[in-house]
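Participant: just the structure for this:
(chains A, B, C and D)
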2 protein chains.
Amino acid sequence: MRLSQTAEYALRAALHMAEHDGGTAIPVGDIAKSLGVPRNYLSKILHQLARAGVLVSTRGPGGGFRLRDSPDQLTLAEVVSPVDPIADERRCLLGREECSNINPCAAHGRWGAIAESMRAFFFETTLADLATRGGKESRRKQAIP
Amino acid sequence: MRLSQTAEYALRAALHMAEHDGGTAIPVGDIAKSLGVPRNYLSKILHQLARAGVLVSTRGPGGGFRLRDSPDQLTLAEVVSPVDPIADERRCLLGREECSNINPCAAHGRWGAIAESMRAFFFETTLADLATRGGKESRRKQAIP
DNA sequence: TCTATTTATCACATAATCATGTTGAATAGA
DNA sequence: TCTATTCAACATGATTATGTGATAAATAGA
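Facilitator: Model (predicted):
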């Protein structure tokens, strides 16, 4: 009942880039060392994010990965979804086919509210919101007060 | 970001038993057929629940599984935890060591509220609350309005 | 051009999850 | 006691998640 390891790495790496944002690319090795996560594995994850358009990769000396957009324009959902199917369609906690929005099961309403708040958190929160570096912590919308 | 397949099976099976409660044991085969899940796999899951004290198993003709307690005395957490570590300690969404309740990261507070509501849902909701069969839908506490 | 740096990609290794099949043990009832 | 029923236990396989290592490709700069 939590983020996959992969998604967690992706999020922490993106956050690290947001916090050390300078428009300059950061090598995988540096990020891996900072976060204390396996280098090669992180490399693959960042590559996935690059293919998804969340990051930009540059090869060769001075290369590395950087965020495609500014941190206040990237939601957690955008970072996580390429590696972990977040907020999927079936809102029903149980896998019941007979349960839908039209004919909801008892869990539907009560769990639905929680699922919705989770969805909102991932889709409304930006990297800038979570970055610890002081300064311009602009945020988009605020679903959770 | 959802229950494991195993936990979902456990929950659905327990719910099925709550809805067909008569103090009588139900064979795995019947439950598996009703839920449309693999029989042998469900058997192992129910066995785990029995060892955890959530279910009682009876062998031989007329045997099967039944709930140890009445549905309004069994929380979702009790059913799910034997097969899926739910609501674990680390409240921090990211795996940051430097993040604790004393020195929280930016995600901490906002995500913490959601994590807490999830925890409450699993620990305060009983099988009776989710059982669709009409009648005595007694509930313990109501954390989520 | 040559070299150092860095991502991209491929091939595995390992463990967990998900699932199936088979056999053994217990038990109710004839 | 015999038999059908049912859980218990074990072995095994498939798939996915997680992680490692080696090599190829790109590129900046001397």
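Participant: rest of the way, CA atoms for contacts and neighbours
Facilitator: Noted.
Participant: just checking, which helix or strand of chain A averages the lowest pLDDT?
Facilitator: Every helix and strand of chain A was ranked by mean pLDDT, DSSP states H and E. The lowest is helix A:106-124, at a mean of 82.
Participant: and the next helix or strand past that one?
Facilitator: Once helix A:106-124 ends, the next helix or strand along the chain (criterion: DSSP states H and E) is helix A:127-130.
Participant: need the contact list for residue A:39.
Facilitator: Applying CA atoms under 8 Å, 6 or more residues apart in numbering or on different chains, we find residue A:39 in contact with A:28-29, A:32-33.
Participant: from those, which is closest to DNA strand D?
Facilitator: residue A:32 (9.9 Å; CA to the nearest atom of the strand).
Participant: doesn't that closest one fall inside a helix?
Facilitator: Yes: assessed by DSSP: H, G, I helix; E, B strand; the rest coil, residue A:32 belongs to a helix.
Participant: looking at the closest residue to it other than its chain neighbours now. What's its pLDDT?
Facilitator: Distance criterion CA to CA, 6 or more residues apart in numbering or on different chains; nearest residue to residue A:32, sequence neighbours excluded, is residue A:39 at 5.1 Å. With respect to pLDDT, residue A:39 has a value of 95.
Participant: next: residue A:129.
Facilitator: pLDDT, read off for residue A:129, is 88.
Participant: any part of stretch A:63-80 near DNA strand C?
Facilitator: Yes: Stretch A:63-80 is in contact with DNA strand C by CA under 7 Å from any atom of the strand, via A:63-65.
Participant: quick one: buried ones out of these?
Facilitator: With neighbours counted by 16 or more other CA atoms under 10 Å in any protein chain shown, the residues of stretch A:63-80 next to DNA strand C contain buried members at A:64-65.
Participant: just name the closest of the residues of stretch A:63-80 next to DNA strand C to DNA strand C, please.
Facilitator: Nearest member of the residues of stretch A:63-80 next to DNA strand C to DNA strand C, counting by CA to the nearest atom of the strand, is residue A:64, at 3.2 Å.
Participant: picking that back up, mind putting the residues of stretch A:63-80 next to DNA strand C in CSV, secondary structure included?
Facilitator: Shown next, in CSV, are the residues of stretch A:63-80 next to DNA strand C (three-state DSSP):
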residue, secondary structure
A:63, coil
A:64, strand
A:65, strand
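Participant: distance check, residue A:80 against residue A:8.
Facilitator: The gap separating residue A:80 from residue A:8 is 8 Å, by CA to CA, to the nearest Å.
Participant: which residues of chain A score low on pLDDT?
Facilitator: Along chain A, segments meeting pLDDT under 70 span A:1, A:87-92, A:94-108, A:132-145.
Participant: recalculate using a threshold of 50.
Facilitator: A:89, A:134-145 (pLDDT under 50).
Participant: can you map out the helices along it?
Facilitator: Taking DSSP state H, the helices of chain A run over residues A:5-19, A:28-35, A:39-51, A:76-80, A:106-124, A:127-130.
Participant: distance to residue B:12 for those - can I get that in JSON lines?
Facilitator: Shown next, in JSON lines, are these (distance: least, CA to CA, whole Å):
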{"stretch": "helix A:5-19", "distance to residue B:12": "27"}
{"stretch": "helix A:28-35", "distance to residue B:12": "39"}
{"stretch": "helix A:39-51", "distance to residue B:12": "34"}
{"stretch": "helix A:76-80", "distance to residue B:12": "29"}
{"stretch": "helix A:106-124", "distance to residue B:12": "11"}
{"stretch": "helix A:127-130", "distance to residue B:12": "37"}
